[in-house]
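**Q** Predicted model and sequence follow; I will ask about them next.
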Amino acid sequence: MTPVIARTREELASARAEITGTLALVPTMGALHEGHLSLIRRAGELADAVAVSIFVNPLQFGPHEDLDRYPRTFEADVAACAAEGVDLIWAPTVEEMYPAQPQVRLSAGRMGTVVEGASRPGHFDGVLTVVMKLFNQVRPDVAVFGAKDAQQLALIRRMVADLDVPVRIEAGPTVREADGLALSSRNRYLSPEERRTALALSRALRAGEQAAGEGPAAILHAARAVLAEAEQADPPLVPDYLELVDPATFEPVGESHAGEAVLVVAAKVGTTRLIDNVPLTLEPREK
(Lines give C-alpha, C1' and ligand atoms only; values in the text may rest on other atoms or scores of the structure.)
Protein backbone atom coordinates (compact mmCIF):
# COMPACT_ATOMS: atom_id res chain seq x y z
CA MET A 1 0.00 0.00 0.00
CA THR A 2 1.37 3.40 -1.00
CA PRO A 3 0.42 6.24 1.36
CA VAL A 4 -0.94 9.50 0.03
CA ILE A 5 1.77 12.14 0.54
CA ALA A 6 0.46 15.63 1.23
CA ARG A 7 2.89 18.55 1.17
CA THR A 8 0.48 21.49 1.09
CA ARG A 9 -2.57 22.34 3.15
CA GLU A 10 -4.73 21.91 0.05
CA GLU A 11 -3.35 18.42 -0.59
CA LEU A 12 -3.87 17.53 3.07
CA ALA A 13 -7.48 18.75 3.07
CA SER A 14 -8.20 16.73 -0.07
CA ALA A 15 -6.61 13.57 1.32
CA ARG A 16 -8.32 14.00 4.70
CA ALA A 17 -11.71 14.27 3.01
CA GLU A 18 -11.19 10.83 1.46
CA ILE A 19 -10.66 9.14 4.82
CA THR A 20 -13.74 7.52 6.28
CA GLY A 21 -14.04 6.22 9.81
CA THR A 22 -11.67 7.09 12.60
CA LEU A 23 -8.16 8.44 12.08
CA ALA A 24 -5.08 8.03 14.27
CA LEU A 25 -2.12 10.39 13.94
CA VAL A 26 1.51 9.58 14.78
CA PRO A 27 3.47 12.86 14.86
CA THR A 28 7.18 12.41 14.04
CA MET A 29 10.22 14.35 12.90
CA GLY A 30 11.14 11.57 10.50
CA ALA A 31 14.27 9.39 10.60
CA LEU A 32 11.86 6.62 11.52
CA HIS A 33 13.06 3.62 13.53
CA GLU A 34 11.42 0.64 15.18
CA GLY A 35 10.15 2.84 18.02
CA HIS A 36 8.17 4.95 15.56
CA LEU A 37 6.96 1.84 13.73
CA SER A 38 5.63 0.41 16.97
CA LEU A 39 3.58 3.60 17.42
CA ILE A 40 2.27 3.28 13.87
CA ARG A 41 1.19 -0.31 14.57
CA ARG A 42 -0.53 0.80 17.76
CA ALA A 43 -2.30 3.55 15.81
CA GLY A 44 -3.54 0.93 13.36
CA GLU A 45 -5.11 -0.95 16.26
CA LEU A 46 -6.88 2.16 17.50
CA ALA A 47 -8.43 3.60 14.33
CA ASP A 48 -9.65 2.77 10.84
CA ALA A 49 -6.89 4.79 9.16
CA VAL A 50 -3.42 6.02 10.12
CA ALA A 51 -1.70 9.31 9.32
CA VAL A 52 1.97 10.04 10.03
CA SER A 53 3.34 13.56 10.08
CA ILE A 54 6.99 14.07 9.16
CA PHE A 55 8.16 17.54 10.08
CA VAL A 56 11.37 18.73 11.76
CA ASN A 57 9.95 21.53 13.87
CA PRO A 58 12.33 24.51 14.23
CA LEU A 59 10.32 25.99 17.12
CA GLN A 60 11.46 23.23 19.49
CA PHE A 61 15.19 23.60 18.80
CA GLY A 62 17.35 26.07 20.71
CA PRO A 63 19.94 28.31 19.02
CA HIS A 64 22.81 25.88 19.69
CA GLU A 65 20.95 22.61 19.14
CA ASP A 66 21.09 20.18 16.22
CA LEU A 67 18.32 21.47 13.91
CA ASP A 68 20.50 21.50 10.80
CA ARG A 69 22.16 18.23 11.77
CA TYR A 70 18.96 16.38 12.63
CA PRO A 71 18.71 13.33 10.31
CA ARG A 72 16.36 13.61 7.35
CA THR A 73 15.62 10.32 5.57
CA PHE A 74 12.36 11.01 3.77
CA GLU A 75 12.48 8.32 1.10
CA ALA A 76 13.28 5.63 3.64
CA ASP A 77 10.54 7.00 5.92
CA VAL A 78 7.96 6.76 3.13
CA ALA A 79 9.01 3.17 2.42
CA ALA A 80 8.69 2.29 6.12
CA CYS A 81 5.24 3.88 6.30
CA ALA A 82 4.15 2.00 3.18
CA ALA A 83 5.29 -1.29 4.70
CA GLU A 84 3.21 -0.55 7.80
CA GLY A 85 0.06 0.29 5.82
CA VAL A 86 -0.01 4.02 6.61
CA ASP A 87 -2.79 5.81 4.71
CA LEU A 88 -1.56 9.41 4.77
CA ILE A 89 1.78 11.17 5.24
CA TRP A 90 1.66 14.88 6.06
CA ALA A 91 5.09 16.30 5.18
CA PRO A 92 4.93 20.09 4.99
CA THR A 93 7.90 22.38 4.48
CA VAL A 94 8.76 24.91 7.18
CA GLU A 95 7.23 27.61 4.95
CA GLU A 96 4.01 25.63 4.62
CA MET A 97 3.75 25.00 8.35
CA TYR A 98 4.72 28.54 9.33
CA PRO A 99 3.79 30.93 6.47
CA ALA A 100 4.74 33.80 8.77
CA GLN A 101 6.95 33.85 11.86
CA PRO A 102 4.54 32.77 14.64
CA GLN A 103 3.70 35.52 17.09
CA VAL A 104 1.23 33.41 19.09
CA ARG A 105 2.57 30.23 20.66
CA LEU A 106 1.29 27.89 23.34
CA SER A 107 2.93 28.09 26.74
CA ALA A 108 3.85 24.87 28.52
CA GLY A 109 3.56 26.63 31.87
CA ARG A 110 5.48 25.56 34.95
CA MET A 111 5.92 21.95 33.76
CA GLY A 112 7.65 23.23 30.66
CA THR A 113 10.40 24.90 32.71
CA VAL A 114 11.54 21.97 34.85
CA VAL A 115 13.74 18.91 34.19
CA GLU A 116 14.07 18.75 30.36
CA GLY A 117 12.53 22.21 30.11
CA ALA A 118 15.19 23.67 32.39
CA SER A 119 17.89 22.37 30.06
CA ARG A 120 16.06 23.43 26.91
CA PRO A 121 14.22 26.72 27.58
CA GLY A 122 11.24 27.19 25.26
CA HIS A 123 11.48 23.64 23.89
CA PHE A 124 8.10 22.51 25.13
CA ASP A 125 6.39 25.71 24.00
CA GLY A 126 7.57 24.81 20.50
CA VAL A 127 6.44 21.20 20.88
CA LEU A 128 2.94 22.10 22.05
CA THR A 129 2.55 24.76 19.37
CA VAL A 130 3.36 22.37 16.53
CA VAL A 131 1.29 19.53 18.00
CA MET A 132 -1.73 21.78 18.27
CA LYS A 133 -1.21 22.87 14.67
CA LEU A 134 -0.96 19.23 13.57
CA PHE A 135 -4.16 18.39 15.42
CA ASN A 136 -5.96 21.29 13.74
CA GLN A 137 -4.60 20.39 10.30
CA VAL A 138 -5.03 16.60 10.32
CA ARG A 139 -8.09 16.45 12.62
CA PRO A 140 -7.35 13.01 14.10
CA ASP A 141 -9.59 11.19 16.55
CA VAL A 142 -6.60 9.79 18.43
CA ALA A 143 -2.86 10.54 18.50
CA VAL A 144 -0.09 8.19 19.58
CA PHE A 145 3.14 9.34 21.25
CA GLY A 146 6.12 7.45 22.62
CA ALA A 147 6.62 7.04 26.36
CA LYS A 148 10.39 7.64 25.94
CA ASP A 149 9.59 11.36 25.78
CA ALA A 150 7.76 11.17 29.10
CA GLN A 151 7.66 14.89 29.88
CA GLN A 152 6.46 15.70 26.36
CA LEU A 153 3.71 13.10 26.69
CA ALA A 154 2.62 14.50 30.05
CA LEU A 155 2.48 18.03 28.66
CA ILE A 156 0.48 16.99 25.60
CA ARG A 157 -2.02 15.21 27.84
CA ARG A 158 -2.26 18.36 29.95
CA MET A 159 -2.69 20.57 26.87
CA VAL A 160 -5.52 18.40 25.58
CA ALA A 161 -7.24 18.45 28.97
CA ASP A 162 -6.73 22.15 29.66
CA LEU A 163 -7.78 23.36 26.19
CA ASP A 164 -10.58 20.82 25.55
CA VAL A 165 -8.87 19.45 22.45
CA PRO A 166 -11.06 16.65 21.00
CA VAL A 167 -8.18 14.20 20.45
CA ARG A 168 -7.57 11.10 22.57
CA ILE A 169 -3.92 10.66 23.55
CA GLU A 170 -2.44 7.18 23.63
CA ALA A 171 1.11 6.18 24.58
CA GLY A 172 3.38 3.50 23.17
CA PRO A 173 6.07 1.96 25.40
CA THR A 174 9.75 2.76 24.99
CA VAL A 175 11.40 0.42 22.49
CA ARG A 176 14.95 -0.64 23.26
CA GLU A 177 17.71 -2.28 21.31
CA ALA A 178 19.03 -5.64 22.49
CA ASP A 179 21.69 -3.98 24.63
CA GLY A 180 19.12 -1.80 26.43
CA LEU A 181 19.73 1.51 24.63
CA ALA A 182 16.44 3.30 24.04
CA LEU A 183 15.78 3.76 20.33
CA SER A 184 16.34 7.33 19.15
CA SER A 185 16.94 8.97 15.81
CA ARG A 186 20.07 10.47 17.37
CA ASN A 187 21.62 7.06 18.13
CA ARG A 188 23.07 7.03 14.61
CA TYR A 189 25.45 9.81 15.67
CA LEU A 190 27.14 7.58 18.26
CA SER A 191 30.47 5.94 17.48
CA PRO A 192 30.89 2.35 18.77
CA GLU A 193 32.88 3.69 21.74
CA GLU A 194 30.29 6.38 22.49
CA ARG A 195 27.52 3.82 22.28
CA ARG A 196 29.17 1.67 24.94
CA THR A 197 29.32 4.69 27.24
CA ALA A 198 25.70 5.62 26.44
CA LEU A 199 24.49 2.28 27.78
CA ALA A 200 25.04 3.75 31.25
CA LEU A 201 21.71 5.55 30.91
CA SER A 202 19.64 2.38 30.77
CA ARG A 203 21.89 0.71 33.38
CA ALA A 204 21.31 3.63 35.74
CA LEU A 205 17.56 3.35 35.28
CA ARG A 206 17.67 -0.39 35.98
CA ALA A 207 19.72 0.22 39.11
CA GLY A 208 17.18 2.77 40.31
CA GLU A 209 14.34 0.43 39.50
CA GLN A 210 15.93 -2.34 41.58
CA ALA A 211 16.12 0.05 44.55
CA ALA A 212 12.49 1.12 44.28
CA GLY A 213 11.49 -0.69 47.47
CA GLU A 214 13.93 1.41 49.50
CA GLY A 215 12.49 4.83 48.66
CA PRO A 216 13.39 7.86 46.54
CA ALA A 217 16.79 8.60 48.06
CA ALA A 218 17.95 5.02 47.52
CA ILE A 219 16.66 5.04 43.94
CA LEU A 220 18.62 8.18 43.09
CA HIS A 221 21.73 6.98 44.91
CA ALA A 222 21.79 3.71 42.98
CA ALA A 223 21.27 5.40 39.63
CA ARG A 224 23.83 8.14 40.31
CA ALA A 225 26.47 5.56 41.16
CA VAL A 226 26.15 4.10 37.65
CA LEU A 227 26.35 7.53 36.03
CA ALA A 228 29.37 8.48 38.15
CA GLU A 229 31.24 5.42 36.91
CA ALA A 230 30.38 6.29 33.30
CA GLU A 231 31.75 9.81 33.81
CA GLN A 232 35.17 8.19 34.08
CA ALA A 233 34.77 6.20 30.85
CA ASP A 234 36.54 6.93 27.58
CA PRO A 235 34.69 8.72 26.04
CA PRO A 236 33.00 10.04 29.18
CA LEU A 237 29.32 10.44 29.91
CA VAL A 238 28.38 14.04 30.73
CA PRO A 239 25.18 13.93 32.82
CA ASP A 240 22.63 16.69 32.47
CA TYR A 241 20.05 15.60 35.02
CA LEU A 242 18.78 12.61 36.94
CA GLU A 243 15.50 13.14 38.74
CA LEU A 244 12.70 11.12 40.31
CA VAL A 245 9.55 13.06 39.50
CA ASP A 246 5.79 13.06 39.83
CA PRO A 247 4.40 11.98 36.41
CA ALA A 248 1.64 14.60 36.56
CA THR A 249 3.84 17.63 37.30
CA PHE A 250 7.46 16.54 36.74
CA GLU A 251 8.38 18.07 40.07
CA PRO A 252 10.79 16.01 42.23
CA VAL A 253 9.04 13.68 44.66
CA GLY A 254 9.73 13.77 48.37
CA GLU A 255 11.19 10.95 50.46
CA SER A 256 7.72 10.00 51.74
CA HIS A 257 6.25 9.72 48.23
CA ALA A 258 4.17 6.65 47.47
CA GLY A 259 2.51 5.81 44.18
CA GLU A 260 3.53 6.54 40.61
CA ALA A 261 6.84 8.22 39.77
CA VAL A 262 9.19 8.51 36.81
CA LEU A 263 12.96 8.24 36.96
CA VAL A 264 14.26 10.49 34.18
CA VAL A 265 17.80 10.97 32.92
CA ALA A 266 19.58 13.01 30.25
CA ALA A 267 23.26 13.06 29.32
CA LYS A 268 25.65 13.77 26.48
CA VAL A 269 28.18 11.41 24.99
CA GLY A 270 30.45 13.23 22.60
CA THR A 271 28.16 15.68 20.78
CA THR A 272 25.03 13.52 21.13
CA ARG A 273 22.45 14.25 23.81
CA LEU A 274 20.23 11.36 24.89
CA ILE A 275 17.25 11.03 27.23
CA ASP A 276 15.61 8.03 28.85
CA ASN A 277 13.20 7.18 31.65
CA VAL A 278 11.52 4.38 33.52
CA PRO A 279 8.14 4.53 35.31
CA LEU A 280 8.14 3.28 38.90
CA THR A 281 5.53 2.51 41.53
CA LEU A 282 6.67 3.29 45.06
CA GLU A 283 4.92 1.42 47.83
CA PRO A 284 4.20 3.12 51.16
CA ARG A 285 6.98 2.37 53.65
CA GLU A 286 6.70 1.97 57.37
CA LYS A 287 8.09 4.87 59.34
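**A** Now that the structure is in, tell me what you want to look at. Residues are numbered from 1 along each chain as shown.
**Q** which stretches of this protein have low pLDDT?
**A** For the chain, applying pLDDT under 70 flags the ranges 286-287.
**Q** roughly how far apart are the nearest residue to residue 149 once chain neighbours are set aside and residue 36?
**A** For residue 149, ignoring the flanking residues on the chain, the nearest one in space by C-beta to C-beta, 6 or more residues apart in numbering is residue 275 at 7.3 Å. Bear in mind the C-beta positions are built from the backbone N, C-alpha and C, glycine included. Distance of residue 275 to residue 36, given as C-beta to C-beta, to the nearest Å: 16 Å.
**Q** And for residue 198?
**A** Distance, residue 198 to residue 36, by C-beta to C-beta: 20 Å.
**Q** Likewise for residue 236?
**A** 30 Å.
**Q** When those two are compared, which one has more neighbours?
**A** The residue with more neighbours, out of residue 236 and residue 36, is residue 36; 26 against 16, by other C-beta atoms under 10 Å.
**Q** so which strand or helix has that one?
**A** If you go by DSSP states H and E, residue 36 is part of helix 34-46.
**Q** Same question for residue 255.
**A** Taking DSSP H and E as the definition, one finds residue 255 inside no helix or strand.
**Q** Ok, residue 205 next?
**A** Using DSSP H and E, residue 205 falls in helix 200-210.
**Q** again, but for residue 194
**A** Going by DSSP H and E, residue 194 is in helix 192-198.
**Q** same thing with residue 14?
**A** Using DSSP H and E, residue 14 maps to helix 9-17.
**Q** Now tell me what touches that helix from outside.
**A** By C-beta atoms under 8 Å, 6 or more residues apart in numbering, the residues outside helix 9-17 that reach it are 4, 6, 23, 88, 90, 92, 96, 137, 138, 139.
**Q** Find the pair from the residues you listed with maximum spatial separation.
**A** When C-beta to C-beta is used, the two most widely separated members of the contacts of helix 9-17 are 23 and 96, lying 20.2 Å apart.
**Q** Those two - which one has more neighbours?
**A** More crowded of residue 23 and residue 96, by other C-beta under 10 Å: residue 23, with 22 against 17.
**Q** can you pull the contacts of that one?
**A** 16, 47, 48, 49, 50, 51, 138, 139, 140, 141, 142.
**Q** Is it bridged to anything, and to what?
**A** Beta bridges link residue 23 to residue 49 when assigned by DSSP bridges.
**Q** which element is residue 56 on?
**A** Counting by DSSP H and E, residue 56 is part of no helix or strand.
**Q** how far away is it from residue 126?
**A** Distance, residue 56 to residue 126, by C-beta to C-beta: 11 Å.
**Q** Of those two, give the one with the bigger neighbour count.
**A** Between residue 56 and residue 126, residue 126 has the larger neighbour count (other C-beta under 10 Å), namely 21 against 16.
**Q** check contacts around the more buried one.
**A** Residues in contact with residue 126 (C-beta under 8 Å, 6+ apart) are 57, 58, 59, 60, 61, 105.
**Q** Residue 102 touches residue 129, doesn't it?
**A** Yes. At 6.7 Å, residue 102 and residue 129 qualify as touching, with contact defined as C-beta atoms under 8 Å.
**Q** before we move on, the earlier item: may I see the contacts of helix 9-17 organised as JSON lines, with secondary structure and distance to residue 182 added?
**A** What follows is the contacts of helix 9-17, written out as JSON lines (DSSP: H, G, I helix; E, B strand; the rest coil; distance: C-beta to C-beta, whole Å):
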{"residue": "4", "secondary structure": "strand", "distance to residue 182": "31"}
{"residue": "6", "secondary structure": "strand", "distance to residue 182": "30"}
{"residue": "23", "secondary structure": "strand", "distance to residue 182": "28"}
{"residue": "88", "secondary structure": "strand", "distance to residue 182": "28"}
{"residue": "90", "secondary structure": "strand", "distance to residue 182": "26"}
{"residue": "92", "secondary structure": "coil", "distance to residue 182": "28"}
{"residue": "96", "secondary structure": "helix", "distance to residue 182": "31"}
{"residue": "137", "secondary structure": "helix", "distance to residue 182": "29"}
{"residue": "138", "secondary structure": "helix", "distance to residue 182": "27"}
{"residue": "139", "secondary structure": "coil", "distance to residue 182": "31"}
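**Q** so which of the residues you listed is the most crowded?
**A** Among those, residue 90 has the most neighbours (other C-beta under 10 Å), with 26 neighbours.
**Q** Excluding residues flanking it in the chain, which one is nearest it?
**A** residue 53 is the one closest to residue 90 (C-beta to C-beta, 6+ apart), at 4.4 Å.
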